[in-house]
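S.K.: Test case, fold it:
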Amino acid sequence: MAVAAWSSPVPFERRHESAGRHRRLGDLRPVRLVENVLLYNVGSGLFGPLVTGGVTCRRQRSRDGWHHVRYVVIESAPDPGGGAVSARADVEVGGRLPRTAGGFWEALRPGLYRVGARLPADASFTVDLTVTGQAAAARLAATIKPLLDGWVSATHCHDGTGRDILMPRLGNADQAAAQWAQLCDPAAAVLDTRPLLRPFRDGIAWNPADERCEAFRIVPRPGPSWPVLGHRRGSPPSDHHVADPIDRRTMIGCARSRFPRS
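M.R.: Now for the predicted structure:
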């Protein structure tokens, strides 16, 4: 099964709050989150039955100036591509799978280690993750967004801003101090130092550079607990050939944008 769609750009205006005026979208740096374009802007619940065997999403440059999206259901999720592995993690998240980016950051960060050189500040990357659990396949569609955000956040280093406001929101005093030290520790970071989190209402908003993620693969595996295994590669994927559809377990999505890569 395959579905393809395309469209011309839709112009709209966005308020630029810091400048206090309206600016055209074309004047702003476009932010293209591959998981939003292919899954969440459409409705992630629609994909639940199709991603029980895993999902691969890719973003590529349009060859004709139009927006294109393509979905194919195949037997197994293809490798997301990329270059040498730059970071790995193999962690046990406990009896319950986290539901937020912050929960996944907390679970992943202690087990993350850098195996390659730190990537340049504007470098793109790919992500490959395996999630094991009793209901991993059934919960995959709802897990993709927070897991991906938590993984990318774990490979950043926070720049230390907002300490007095943010630390009390991390937990009790001892827990907050330890987590703040991890947030600001560059040892395992393969991405740049940035304002990784900021106050939002009574909580915290995470700000990872997931717009630089060119492709990702997330595959569920049956098991009694919830280990998460992942690695990051530091270069864009090649233009893979998509196999003919075989069954309805695994979906691959591909988005092509008219905007040039940053």
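
S.K.: which helix in the protein runs the most residues?
M.R.: Scanning the chain for the helix with the most residues, using DSSP state H, yields helix 140-154.

S.K.: Mind checking the pLDDT average for stretch 192-202?
M.R.: Looking at stretch 192-202 alone, the average pLDDT works out to 94.

S.K.: ugh, typo on my part, it should be stretch 145-161
M.R.: Looking at stretch 145-161 alone, the average pLDDT works out to 94.

S.K.: Which other helices and strands does the longest helix of the chain contact?
M.R.: With contacts defined as 3 or more Cβ pairs under 8 Å, 6 or more residues apart in numbering; DSSP states H and E, the secondary structure elements packing on helix 140-154 are helix 34-35, helix 101-108, strand 125-132, strand 203-206, strand 213-221, strand 227-233. Every C-beta, even on glycine, is put in place using the N, C-alpha and C of the backbone.

S.K.: Following the chain onward from the first one, which element is next?
M.R.: Next helix or strand after helix 34-35 toward the C-terminus (DSSP states H and E): strand 55-61.

S.K.: Tell me what the closest residue to residue 216 other than its chain neighbours is bridged to.
M.R.: Counting by Cβ to Cβ, 6 or more residues apart in numbering, residue 127 is the residue found nearest to residue 216 once chain neighbours are left out, at 4.1 Å. The residues paired with residue 127 through beta bridges, assigned by DSSP bridges, are residue 216, residue 232.

S.K.: Distance of residue 127 relative to residue 34?
M.R.: If you measure residue 127 against residue 34 using Cβ to Cβ, to the nearest Å, the figure is 10 Å.

S.K.: list residues touching both of those two?
M.R.: 213, 215, 216 (Cβ atoms under 8 Å, 6 or more residues apart in numbering).

S.K.: Tell me, what's the model's pLDDT at the second one?
M.R.: Right, residue 215. As predicted, residue 215 sits at a pLDDT of 91.
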